[in-house]
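Asks: Give me a model of this one.
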Amino acid sequence: MDPNNFASMKDLKLCESSSCTDLPSLDSGDPESDLSSPNFTNGIHDGSEESRFSSEEDEDEGLCMRLTVEPRRVLTVDMVNEGIKVMTYAVRGPLLLRANEIEQELKNGVEKPFKNVIKGNIGDAHAMGNRPITFIRQVMAIVTCPMLLESKEFPDDVKLRAKEILEACRGGSVGAYSDSPGIEIIRRHVAEYITNRDGGIPSDWRNIMLSAGASEAIRSILKLMTNPGIVCQKKPGVMIPIPQYPLYSATLAEYGMEQCGYYLDESKEWSLCSTELDRSIREARKRCTVRAIVIINPGNPTGQVLSRQNIEMIIKFAHKEKLFLLADEVYQHNVYSPGLKFHSFKKVMMEMGEPYSSLELVSFMSCSKGYMGECGVRGGYAEIVNMDKDVMGMLQKSVSAKLCPPILGQACMDLVVDPPKAGDPSYDLWRCEVQEVLTSLARRADMVATTLNQTEGMSCNVVQGAMYAFPKVMIPEKALKAAEERGQPPDVFYAFCLLEATGVCVIPGSGFGQERGTYHFRTTILPQEDKLTDMLQRIKNFHLKFMKEYSS
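Replies: Residues are numbered from 1 along each chain as shown. Below you'll find the model as predicted:
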């Protein structure tokens, strides 16, 4: 049983008297045991007694939800896409559900050995108290409510940017559809940003596709690769880093594609070596046709920043093996370690010249990360380089079926790639806020790695960039046996114990992938510094008690 699998929760009864760590198996053997929705007929709930608590005695025993046998539905689980059945997304799995329950229990006055829940499971900056950038929010406020253009509360450059965006919208409203790849002026601004970032290497705005966050663009590109093809009928596969961001494993599972993992080297700050890439593709080709390789730089969940030498090696490997490159570069603003810098794959590839500059590449960016942290706005882009013209046509047809990305997300992306310039009324405040965010994140990155490395039985690489740490934890043999008795992987058992004892929610390393016999968890570095200090102290105290309890 995979406790990260939502499908495995279909028989779960939520109650105060039972542990939500005790998840039932996916296949209960009872075809009538499916969790069904209430029976609604003509909009009226079927109020039969079978759909309610069978007795007050059940309620007294703590039962919060009673599952009953209902008539067979037209749409049943056996009809669901097999890929959706097997896909998992660890970041929002049962641990988060339990964390939400604990929050409610605290609100209801249930006594716990902690006063609040700290959710280190996801990189949601604003939810963790990081403040929005004033310039971004001011422009977005005006485009949402154009009458604010008459207000004297906003700087002139903010009003000019809002007018520019509104004039590019049909009907002058962000409530109108845009072209499917996005608003032209914003795509042009993205291309200008990339050109400047890459030292003058040109970017063509017609190769820019705006999207609802980077995730949607990534899924759109992977969807192009799902057909086995005419020459080879093996299942298509994609090389992804291990550890990896679960979006990739979940999407590949949903699309019926093969996940081909290549391991990052934890002993060398999560870097890559060519021998591991060779091993990975050699093994993968025994079972699938490898179409592409994914690189996450800076890394999620591992927090490394790839050197130029590493990037050149990957590009040479992709050329040698005839692979499509997908460069996930959403953390390009998040580099903290002195002496390191972000290198875009496109820039390195073009500077290497032929034959490498002809490689097919798509790179991704988002307004959810960086200094902005505008996760809920859902803005992102993909730059598509050297794609076959016919395939590009198929991509455009595919995205057109989604109508267009969210207009506010497009507007936010525009403000990220084209921020205030020196001399603009908003520039000084914008620059101050951006530096404050990135400087604080650098302090937090150092704080996390330092504290965890000072904890006996833990080790953590330097968080060079991105928003996460991925420490290795020692789990005693006695704890391994306890996890086995519960039917949980050891790191899942550890994370649930941590949550119940401290209120800290982290994600087990098995949700991202890890070397066999090693155990990790991912935590974000995003909590505000006082709360982060509290969170790290809770983790440290718990781990020492855990080691003592299960080592005796």
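Asks: where in this protein is pLDDT low?
Replies: 1-68, 85-92, 229-232 (pLDDT under 70).
Asks: Which helix runs longest in it?
Replies: helix 427-453 (DSSP state H).
Asks: Only the buried residues of that one, if you could.
Replies: Neighbour-count burial for helix 427-453 flags 427, 430, 433-434, 437, 440-442, 444-445, 447-449, 451-452 (criterion: 16 or more other CB atoms under 10 Å). (C-beta placed from N, C-alpha, C; glycine too.)
Asks: With stretch 192-199 instead?
Replies: Those would be 193-194, 197-198, for stretch 192-199 by 16+ other CB under 10 Å.
Asks: what's the answer for stretch 256-264, then?
Replies: 257-264.
Asks: got it, and stretch 486-495?
Replies: With the criterion 16+ other CB under 10 Å, stretch 486-495 contains buried residues 486, 488-495.
Asks: now swap in stretch 109-118 and tell me
Replies: Across stretch 109-118, burial judged by 16+ other CB under 10 Å covers 117-118.
Asks: What is the distance between that stretch and the centre of its chain?
Replies: 27 Å (CA atoms, centre = their mean, to the nearest Å).
Asks: For the stretch 101-250 of the chain, which segments count as helices?
Replies: 134-144, 156-168, 184-197, 213-223, 246-254 (DSSP state H, counting those that start in this stretch).
Asks: The fourth one relative to helix 246-254, how many degrees between them?
Replies: What it means is helix 213-223. Interaxial angle of helix 213-223 relative to helix 246-254 (axes from the mean of the first three to the mean of the last three CA atoms, to 10 degrees): 30 degrees.
Asks: Does anything pack onto helix 213-223? Which helices or strands?
Replies: Judged by 3 or more CB pairs under 8 Å, 6 or more residues apart in numbering; DSSP states H and E, helix 213-223 is in contact with strand 208-211, helix 246-254, strand 324-328, strand 361-366, strand 380-385, helix 389-400.
Asks: roughly how far apart are the residue nearest to residue 399 when sequence neighbours are not counted and residue 211?
Replies: Distances taken as CB to CB, 6 or more residues apart in numbering place residue 180 nearest to residue 399, at 5.0 Å, with adjacent residues excluded. Separation of residue 180 from residue 211 (CB to CB, to the nearest Å) stands at 10 Å.
Asks: and the longest helix of the chain, how far out from the chain's middle?
Replies: Counting by CA atoms, centre = their mean, helix 427-453 comes out at 21 Å from the chain centroid.
Asks: Equivalent analysis for stretch 104-116, please.
Replies: 29 Å.
Asks: Kindly check the end-to-end length of it for me.
Replies: With CA to CA, to the nearest Å as the measure, the ends of stretch 104-116 fall 10 Å from one another.
Asks: what does it contact?
Replies: Residues external to stretch 104-116 that are found in contact with it (CB atoms under 8 Å, 6 or more residues apart in numbering): 16, 102-103, 117, 501-503, 538.
Asks: looking at it, residue 292 is touching residue 225, isn't it?
Replies: Yes - with contact defined as CB atoms under 8 Å, residue 292 reaches residue 225; the gap is 6.3 Å.
Asks: thinking again about what came up before, now the helices of the stretch 101-250 of the chain in TSV, with distance to residue 126?
Replies: TSV is the format used below for the helices of the stretch 101-250 of the chain (distance: least, CB to CB, whole Å):
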stretch	distance to residue 126
helix 134-144	11
helix 156-168	20
helix 184-197	22
helix 213-223	14
helix 246-254	20
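Asks: Quick check: phi and psi at the nearest residue to residue 403 once chain neighbours are set aside.
Replies: Counting by CB to CB, 6+ apart, the nearest residue to residue 403 once its immediate chain neighbours are dropped is residue 177, at 5.7 Å. Here is the backbone geometry of residue 177 (degrees, to the nearest 10): phi -70, psi 150.
Asks: count of residues packed around residue 177?
Replies: 11 (other CB atoms under 10 Å).
Asks: could you check the distance from it over to residue 170?
Replies: Residue 177 is 7 Å from residue 170, by CB to CB.
Asks: what number of residues lie near the residue nearest to residue 273 when sequence neighbours are not counted?
Replies: Leaving aside its sequence neighbours, residue 273 sits nearest to residue 265 (CB to CB, 6+ apart; 6.1 Å). Counted with other CB under 10 Å, residues neighbouring residue 265 total 13.
Asks: Likewise for residue 132?
Replies: Here the count is done by other CB under 10 Å, and residue 132 has 16 residues near it.
Asks: for residue 186, same thing?
Replies: 28.
Asks: contacting residues around residue 378?
Replies: 212-213, 216, 368, 405-406, 409.
Asks: Likewise for residue 295?
Replies: By CB under 8 Å, 6+ apart, residue 295 lies in contact with 241, 306, 311, 314, 325-328, 345.
Asks: Make JSON lines from the residues you listed and add distance to residue 364 to it.
Replies: Converted to JSON lines, the contacts of residue 295 look like this (distance: CB to CB, whole Å):
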{"residue": "241", "distance to residue 364": "15"}
{"residue": "306", "distance to residue 364": "15"}
{"residue": "311", "distance to residue 364": "16"}
{"residue": "314", "distance to residue 364": "16"}
{"residue": "325", "distance to residue 364": "11"}
{"residue": "326", "distance to residue 364": "7"}
{"residue": "327", "distance to residue 364": "7"}
{"residue": "328", "distance to residue 364": "5"}
{"residue": "345", "distance to residue 364": "10"}
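Asks: Scan those residues and report the most crowded one.
Replies: Neighbour-wise, the contacts of residue 295 (other CB under 10 Å) top out at residue 328, 29 neighbours.
Asks: For that one, list the residues it contacts.
Replies: 214, 218, 245, 294-297, 300, 363-364.
Asks: cool, and residue 467?
Replies: 123, 125, 300, 303, 331, 334, 369, 441, 524-526.
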